[in-house]
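# What shape does this take:
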Amino acid sequence: MYGKLACFLLLACAMLIHDIPKCKQATRHDRLAYILILAPLLYLGIVFIWGKSWPNLDTLFNLFAPPARQIVRWLDPAST
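Numbering: from 1, shown residues only. From the prediction side, this is the model:
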């Protein structure tokens, strides 16, 4: 667990050191978009560190699979 924590903190710090000067010059809209991207990244980092079987991105994609298949069936001219 400590190795994963060190890896995550190292990568997060490197990313923030690189991005903070750019965020200072960014617009409010860009900062909001950056925070919205960081939120799932933080969640996935916690899942990685703790090794929990919490819902992951695969779970989210699996929720959209049946409706996507239905839409493809509706739009596919070969299925009629």
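# Tell me which helix or strand residue 44 sits in.
Per DSSP states H and E: residue 44 is located in helix 28-50.
# Let me know the secondary structure of residue 52.
Under DSSP: H, G, I helix; E, B strand; the rest coil, residue 52 falls in the coil class.
# Give me the number of neighbouring residues for it.
Neighbours of residue 52 under the rule other C-beta atoms under 10 Å: 10. All C-beta atoms are positioned from the backbone trio N, CA, C, and that covers glycine.
# For it, give me its contacts.
residue 46 (C-beta atoms under 8 Å, 6 or more residues apart in numbering).
# Can we start the residue count at 30 from this point?
I'll keep to 30 as the first residue from here, and by that count the last item is residue 81.
# Residue 73 versus that one, what's the distance?
As judged by C-beta to C-beta, to the nearest Å, residue 81 and residue 73 stand 11 Å apart.
# which helices and strands sit right next to the helix holding residue 73?
helix 31-54 (3 or more C-beta pairs under 8 Å, 6 or more residues apart in numbering; DSSP states H and E).
# could you give me the average pLDDT of the helix it packs on?
In this model, helix 31-54 carries a mean pLDDT of 90.
# which residues sit against it?
Contact partners of helix 31-54, identified using C-beta under 8 Å, 6+ apart, comprise 59-60, 63, 74, 77-78, 80.
# export those to CSV and tack on distance to residue 90, neighbour count and pLDDT?
Shown next, in CSV, are those (distance: C-beta to C-beta, whole Å; neighbours: other C-beta atoms under 10 Å; pLDDT from 0 to 100):
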residue, distance to residue 90, neighbour count, pLDDT
59, 27, 12, 91
60, 28, 12, 90
63, 23, 13, 91
74, 19, 18, 89
77, 18, 14, 87
78, 22, 17, 89
80, 21, 9, 85
